[in-house]
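A.B. asks: How does the following fold in three dimensions:
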Amino acid sequence: MAELRRADLAEDPLEQFRRWFEEARPVVRLPEAMAVATAAPDGGPSVRMLLLKAADERGFVFFTGYVSRKGAELDANPRAALLFYWDPLGRQVRVEGTVQRVPAAESDEYFATRPQGSRLGAAASRQSAVLASRAELERAVGKLAAAADESVRRPSTWGGYRLAPETYEFWQHRDDRLHDRFRYIHTVDGWRIDRLYP
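C.D. replies: All right, here's what the predicted structure looks like:
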């Protein structure tokens, strides 16, 4: 794997993320797949895979159920960490920061772009709650489908979150575990870049 040098990095971590994301597109099946880590009020961690839907100067956006386990954890502790792993390139990107819900209009706009089946599934699911059987879920979807037209409305229990980055880390695989790691930390003067031990 090629080395990653300080001189290779953009001064802005979002620009660096975009560069690597575009390089991952042709070789990674879902470069937008990311692990999202949250913590319960007692400090217990949990992590799951989600899809990145937007990344701009305001932060990284994903959508989920507000009453899910992750939603409850974010309500109690609005901090999270994201991890992108692009194996063919030997790269990882970590992003950590504070999280808040996106405005309802933004959630509505995204929800309207989802396929009908995905909208029905989101509306029928009580994400993370105990489910007696698969048949119960399928009945709920069927009932909604029978009553709905093509414009299934976004349920109030579902929407987006935006993580505002405070730190980024860019990790490039190197042989013998001598990886190249650079961390961006947001300071009052902008972004500071540090090389880390592997």
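
A.B. asks: Please identify the pairing partners of the longest strand along the chain and their relative orientation?
C.D. replies: Ranked by residue count under DSSP state E, the longest strand found in the chain is strand 158-172. Within its sheet, strand 158-172 is paired with strand 59-65 (antiparallel), strand 91-101 (antiparallel), strand 180-187 (antiparallel), according to DSSP bridges.

A.B. asks: Which positions in that strand come out as buried?
C.D. replies: Across strand 158-172, burial judged by 16 or more other CB atoms under 10 Å covers 158-163, 165, 167-172. The C-beta positions use only the backbone N, C-alpha and C, and glycine is treated the same way.

A.B. asks: do you know how far V27 is from L74?
C.D. replies: 32 Å (CB to CB, to the nearest Å).

A.B. asks: just the helices in the protein please.
C.D. replies: 13-24, 69-76, 104-113, 116-124, 134-147 (DSSP state H).

A.B. asks: coming back round to it: of the strands paired with strand 158-172, which is nearest V47?
C.D. replies: Across the strands paired with strand 158-172, V47 has its closest neighbour in strand 91-101 (12.3 Å, CB to CB).

A.B. asks: which regions of this protein lie under the pLDDT threshold?
C.D. replies: For the chain, the stretches flagged by pLDDT under 70 are 1, 149-150.

A.B. asks: quick one on the thing from earlier: W20: which of the buried residues of strand 158-172 is nearest?
C.D. replies: Closest to W20 out of the buried residues of strand 158-172 is F170 (7.1 Å), distances taken as CB to CB.

A.B. asks: Identify the bridge partners of the closest one.
C.D. replies: Beta-bridge pairing for F170 (DSSP bridges): V93, F182.

A.B. asks: Please tell me I have it right and it contacts L9.
C.D. replies: Yes - contact criterion CB atoms under 8 Å: F170 and L9 qualify, at 7.1 Å.

A.B. asks: who touches S68 in this structure?
C.D. replies: Contact analysis of S68 by CB atoms under 8 Å, 6 or more residues apart in numbering lists 127-128.

A.B. asks: Kindly provide the distance from it to R48.
C.D. replies: Distance, S68 to R48, using CB to CB: 9 Å.

A.B. asks: What of A35?
C.D. replies: 7 Å.

A.B. asks: How far does stretch 114-129 sit from its chain's centre?
C.D. replies: Taking the mean of its C-alpha atoms, stretch 114-129 sits 18 Å from the chain's own mean (CA atoms, centre = their mean, to the nearest Å).

A.B. asks: What is the end-to-end distance of it?
C.D. replies: One end of stretch 114-129 sits 23 Å from the other (CA to CA, to the nearest Å).

A.B. asks: Give the buried residues for it.
C.D. replies: By 16+ other CB under 10 Å, the buried positions in stretch 114-129 come out as 119-125, 127.

A.B. asks: what does it contact?
C.D. replies: Stretch 114-129 is contacted by residues 64-65, 67-72, 111, 137, 140-141, 143-145, 148, 150, 152-155, 157-158 when judged by CB under 8 Å, 6+ apart.

A.B. asks: Buried ones among the residues you listed?
C.D. replies: 64-65, 67-72, 111, 140, 144, 152, 154-155, 158.
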